[in-house]
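Asks: My questions are about this predicted structure, shown below with the sequence.
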Amino acid sequence: MSVKTRRNPQTGQSQQNRKIIVHVAISADWYIARPDGDVGWLDRPMPKGSYGMGAFFKAVDTILWGRKTYSKGIELGMKDAAMWPGMKNYVFSHRRPKSPLPGFEFVDEPIKPFIKRLRSERGKHIWMMGGGEIIASFLDEGEIDEFHINVIPVLIGEGLPLIAPRHRLIPLKLLSTKKFSDGVVNLHYSVSPK
């Protein structure tokens with residue numbers, strides 16, 4: 001997964017095609033977490049290669065977070081951005097905490113201008129960490145390019161959906177599927193342009 005360059009039709013200059021990629025694990029009933037945000041059901045032995053996460057990490061250099069996902073990370077023991085070396089971390093929130101964790105920048109501006117600026121910068125692809133509300137907001141703005149969804153073979157019965165519910169119809173194109181030895185299935189979709 002490499003960042004390709006393309007020519008801007010107005011200027012004729014080459015520019016990067018930095019994709020925004022949602023890469024998440026979900027239950028077989030399509031929840032990203034229990035209603036209280038608990039993700040303990042994700043604790044399981046991983047097969048060799050960790051579902052291709054090593055290759056994915058090499059292809060991205062920026063992570064986008066929703067405020068609730070950032071807060072859940074802190075609750076689970078995250079102390080700074082050091083667990084993602086070399087990554088820029090942006091948290092979308094209307095309220096900046098008094099003391100944000102080191103390595104995290106808070107964003108309180110509309111999605112379109114921020115992403116236009118981010119995509120124009122040199123770099124690799126961009127990982128949309130989530131959660132469901134920020135994924136929905138970016139999707140509704142036409143700013144999600146791909147989904148990598150690891151379906152974990154477990155039903156949790158209720159929880160937080162992958163994408164916050166709203167009335168929408170957004171076609172996806174299946175690019176690939178991959179089954180892992182432990183029953184996890186990766187679904188790789190591109191988002192059809194609006």
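Replies: Alright, I've got the coordinates. Residues are numbered from 1 along each chain as shown.

Asks: CA atoms for contacts and neighbours, from now on please.
Replies: Noted.

Asks: Okay, helices next: where are they in the protein?
Replies: Counting by DSSP state H, the chain has helices at residues 53-59, 67-75, 111-120, 132-140.

Asks: Could you check the pLDDT of the residue nearest to the spatial centre of the chain?
Replies: By C-alpha atoms, centre = their mean, the chain has its centre lying nearest to residue 128, at 2.2 Å. Looking at residue 128, its pLDDT reads 97.

Asks: any weak-confidence spans in the chain?
Replies: Scanning the chain with the threshold set as pLDDT under 70 gives 1-16, 194.

Asks: Might you report the residue contacts of the residue nearest to the centre of the chain?
Replies: Neighbour list for residue 128: 20-23, 63-65, 135 [criterion: C-alpha atoms under 8 Å, 6 or more residues apart in numbering].

Asks: Also residue 89?
Replies: 62-65, 81, 103-105.

Asks: of all those, which comes closest to residue 88?
Replies: Among these, residue 62 lies closest to residue 88 (C-alpha to C-alpha), at 4.6 Å.

Asks: if I read this right, the closest one contacts residue 121, doesn't it?
Replies: No. Look at residue 62 against residue 121 with C-alpha atoms under 8 Å: they stay out of range, at 11.1 Å.

Asks: Which one of the two is surrounded by more residues?
Replies: Higher neighbour count among residue 62 and residue 121: residue 62, with 21 against 12, using other C-alpha atoms under 10 Å.

Asks: Tell me how many other residues crowd the spatially closest residue to residue 138 that is not a sequence neighbour.
Replies: Spatial nearest neighbour of residue 138, chain neighbours left out: residue 144 (6.1 Å); criterion: C-alpha to C-alpha, 6 or more residues apart in numbering. Neighbour count for residue 144, taken as other C-alpha under 10 Å: 23.
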